[in-house]
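Enquirer: task: produce atomic coordinates for the following.
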Amino acid sequence: MSHTSHTIADDSLTTAERFARRTSGANAVSAEYHERIHAHMDERQIDTSLRLPYERLLSHLTLSPWKADGGIVMPSEKVAECWDQTAQWSNNNFHSAPHLHDFGRALGIGMEIQAHDWYNNRCRRINKLQLPKALRPTIEAELSLDWHRDGLVSLWDGSKLSPRKRTEQRERMEADANSHLPECKCETARRCMVYLNSVKSNRYALNADNWDAVRQDILSNSSGRAQAQALRVLSNIKAQPVPYYRPTAKSVRLFGTSENLTMLSKKYRQQLYPTWIDADLRSCYLAVAARLWDVPIAHQYLEREGESVWTQLLNALGVEHTPDNKGSLKSAFYGLFFFLGAKKLRTHLKKSFGATAYDDFMSHPLIVELHAARQRQYQAIRKQGYGVDLYGECLEVRGDNIRSIMAQQMQCYELELLEPVFSLAEEFRDNSRGFSVTLMQHDGLSFVPHRIQETQQWKERLSRAVARRADNLGVSTYLTFD
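Expert: Reported below is the predicted structural model:
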């Protein structure tokens, strides 16, 4: 269920959805950062009416930039949002270029702004962003979350992020998320989304010491883009820990509406919320592929007692059993399912396991059979012109979307396998002896019993419920717990 182990394979979000997730965060900064940025504006004698729009834009460009093709993507809609002019943007009555140029001149920021040429001509790209020396230490400290424990300020209105403001923020985020309910691909996804977006906020209460420990772990044990993303997510969690979900146009899956708790790695989530239980569908994709693509050898590996598929494959590759190696192997495995190109797969395996790893991986009997079965399924869908998912939805072939159709077929199974857990969670939502699902991550979830001493009872009951569903679907999987 760890997010990081699936990134090589998962392409379920559209470009618009990826950008929405990046730009729909809690919109809060530390009080110290807020004061320093406004002190800089004082020195430059910037009009008070422009200070909050400039702070919003500066924070987007430096604290949560979306980079593509060598620059920072800057949609005109986001610029309009910084100036509270979304309505004008919707009516095609907003021009971002003058605002961007005025912003750069006012704050002494060097900017090379490219005309609309990215993503349906609705986004400019900022190819160069040169911050003045006076601002750089402030930006660096905010990126490291140095001041977050001392209080936050909302970029909505520049005021302290009080409990009331947090409640208002949650209500806005929940309403925005739920406005997408009609886009759910099936009734099961809709019911799961309704549940997830209504979990009580006290289930996500943060312990300040746990949050500090995670921050220090991220700063000490990661670097580069991985560190930057983890810190962005942690910042959003500090401002608003409750995750909200929305559907995607390409799948029955549900995704976080922002860079929220769903995007934090399992290791850090467990540090933040040590009483939560992580539950995963064991070898879910292999089990579903064995069922959908008719791969008998896969059942042999799945049903072998005492050894997971990952252990068996690591042994066959002669690779040490470590969490990192298992994660790299999973990435390669899911890459096979989702048609990761041979060149990228070879590069990934060589980097992870050595020069011969790709040939060793692709010649393994299980991988040989899976690869052949995947190609048969691809050709069958191509020949008939459509595929049908578990819910009876006809997925028509349009251009080069067969890979997407096959992914959607598999993703329906992961949702249906976990549905019994959500049904029980809804049934026992207000029961003091019930439990709450606190996080969903496609082929797994997290939950917390309302009485911690009843954890084992709920593990057993949820295991039985999922086992019955798996048996009904003919899928050789079951719940495992961390």
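Enquirer: contacts, neighbours, all on C-alpha from now
Expert: Noted.
Enquirer: so where do the strands sit in the stretch 1-150 of the chain?
Expert: 28-30, 67-68, 71-75, 110-118, 123-130 (DSSP state E, counting those that start in this stretch).
Enquirer: ok, the stretch 351-482 of the chain next?
Expert: Counting by DSSP E, counting those that start in this stretch, the stretch 351-482 of the chain has strands at residues 386-388, 394-396, 435-440, 444-449, 479-481.
Enquirer: pLDDT below threshold where in the protein?
Expert: For the chain, the stretches with pLDDT under 70 are 1-26, 117-121.
Enquirer: domain ranges for it?
Expert: Using automatic domain parsing, the domain parsing of the chain gives 28-154, 284-410.
Enquirer: now for those domains, which one comes closest to residue 461?
Expert: Closest to residue 461 of the domains of the chain is domain 284-410 (Cα to Cα; 19.5 Å).
Enquirer: start to end distance for that closest one?
Expert: Using Cα to Cα, to the nearest Å, the end-to-end distance of domain 284-410 comes to 9 Å.
Enquirer: likewise stretch 293-309?
Expert: Stretch 293-309 has an end-to-end distance of 18 Å (criterion: Cα to Cα).
Enquirer: contacts for that stretch next, please.
Expert: The contact list for stretch 293-309, computed with Cα atoms under 8 Å, 6 or more residues apart in numbering, reads 283, 286-287, 289-290, 366, 369-370, 373-374, 377, 476-477.
Enquirer: for those, could you give me TSV that also reports distance to residue 386 and neighbour count?
Expert: As requested, the contacts of stretch 293-309 are exported to TSV (distance: Cα to Cα, whole Å; neighbours: other Cα atoms under 10 Å):
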residue	distance to residue 386	neighbour count
283	27	19
286	23	24
287	23	25
289	18	21
290	20	22
366	27	18
369	23	18
370	21	23
373	17	18
374	16	23
377	11	18
476	26	21
477	27	24
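Enquirer: nearest to residue 425 among those residues?
Expert: If you rank the contacts of stretch 293-309 by distance to residue 425 using Cα to Cα, residue 477 comes first, at 20.8 Å.
Enquirer: neighbours around the residue nearest to residue 126 when sequence neighbours are not counted, how many?
Expert: Distance criterion Cα to Cα, 6 or more residues apart in numbering; nearest residue to residue 126, sequence neighbours excluded, is residue 113 at 4.6 Å. Neighbour count of residue 113, defined by other Cα atoms under 10 Å: 18.
Enquirer: these two touch, right, residue 113 and residue 130?
Expert: No: the pair residue 113 / residue 130 is not scored as a contact, 11.9 Å apart, by Cα atoms under 8 Å.
Enquirer: show me the contacts for residue 417.
Expert: Counting by Cα under 8 Å, 6+ apart, residue 417 has contacts 466, 469, 470.
Enquirer: by neighbour count, which of the residues you listed wins?
Expert: Going by other Cα under 10 Å, residue 470 tops the contacts of residue 417 with 23 neighbours.
Enquirer: surely it meets residue 477?
Expert: Yes: using Cα under 8 Å, residue 470 is in contact with residue 477, at 6.4 Å.
Enquirer: measure stretch 234-244 end to end?
Expert: From its first residue to its last, stretch 234-244 covers 15 Å (Cα to Cα).
Enquirer: contacts for that stretch?
Expert: Contacts of stretch 234-244 (Cα under 8 Å, 6+ apart): 25-28, 145, 148, 152, 161, 166, 169-170, 173-174, 177, 196-197, 201, 204-206, 211, 215, 256-262, 264, 439.
Enquirer: try 6 Å this time
Expert: Here stretch 234-244 makes contact (Cα atoms under 6 Å, 6 or more residues apart in numbering) with 26, 197, 204, 256, 257, 260.
Enquirer: most neighbours among those, which one is it?
Expert: Going by other Cα under 10 Å, residue 260 tops the contacts of stretch 234-244 with 28 neighbours.
Enquirer: and it, what does it touch?
Expert: Residue 260 neighbours (Cα under 6 Å, 6+ apart): 233, 243.
Enquirer: wait, doesn't residue 252 sit right on residue 187?
Expert: No: in terms of Cα atoms under 6 Å, residue 252 does not count as a neighbour of residue 187; the distance is 9.6 Å.
Enquirer: who has more neighbours, those two?
Expert: Using other Cα under 10 Å, the more surrounded residue of residue 252 and residue 187 is residue 252, with 26 against 12.
Enquirer: can I get the strand or helix carrying the more buried one in CSV? Just the C-alpha atoms.
Expert: In this structure, residue 252 sits in strand 251-256 according to DSSP states H and E. The C-alpha trace of strand 251-256 is given here as CSV (Å, rounded to 0.1, in the frame of the first residue of the first chain):
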residue,chain,number,x,y,z
SER,A,251,-10.6,4.7,-13.4
VAL,A,252,-12.9,3.7,-10.6
ARG,A,253,-10.1,4.7,-8.2
LEU,A,254,-10.3,7.5,-5.7
PHE,A,255,-7.5,10.0,-5.2
GLY,A,256,-6.7,12.6,-2.7
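Enquirer: partner strands of it, parallel or antiparallel?
Expert: With DSSP bridges as the test, strand 251-256 is paired with strand 245-248 (antiparallel).
Enquirer: pull the CA atoms of the partner strand into PDB?
Expert: What follows is strand 245-248, C-alpha atoms only, in PDB (Å, rounded to 0.1, in the frame of the first residue of the first chain):
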ATOM      1  CA  TYR A 245     -11.000  12.300  -2.100                       C
ATOM      2  CA  ARG A 246     -12.300  12.700  -5.600                       C
ATOM      3  CA  PRO A 247     -12.800  10.300  -8.500                       C
ATOM      4  CA  THR A 248     -10.700  10.300 -11.700                       C
END
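Enquirer: now the helices for the stretch 251-400 of the chain?
Expert: In the stretch 251-400 of the chain, the helices defined using DSSP state H, counting those that start in this stretch lie at 266-272, 284-292, 296-302, 309-317, 323-337, 342-353, 357-362, 365-384.
Enquirer: by contact count, what packs against the shortest one?
Expert: It stands for helix 357-362. Contact analysis of helix 357-362 by 3 or more Cα pairs under 6 Å, 6 or more residues apart in numbering; DSSP states H and E lists helix 342-353 as its packing neighbours.
Enquirer: how does it look with 10 Å?
Expert: helix 309-317, helix 323-337, helix 342-353, helix 365-384 (3 or more Cα pairs under 10 Å, 6 or more residues apart in numbering; DSSP states H and E).
Enquirer: buried residues in that helix, which are they?
Expert: Residues of helix 357-362 classed as buried: 357, 358, 361, 362 (neighbour count, 16 or more other Cα atoms under 10 Å).
Enquirer: any chance of these in JSON lines, with distance to residue 313 too?
Expert: Shown next, in JSON lines, are those (distance: Cα to Cα, whole Å):
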{"residue": "357", "distance to residue 313": "11"}
{"residue": "358", "distance to residue 313": "13"}
{"residue": "361", "distance to residue 313": "8"}
{"residue": "362", "distance to residue 313": "11"}
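Enquirer: any idea how far residue 273 is from residue 286?
Expert: Distance, residue 286 to residue 273, by Cα to Cα: 30 Å.
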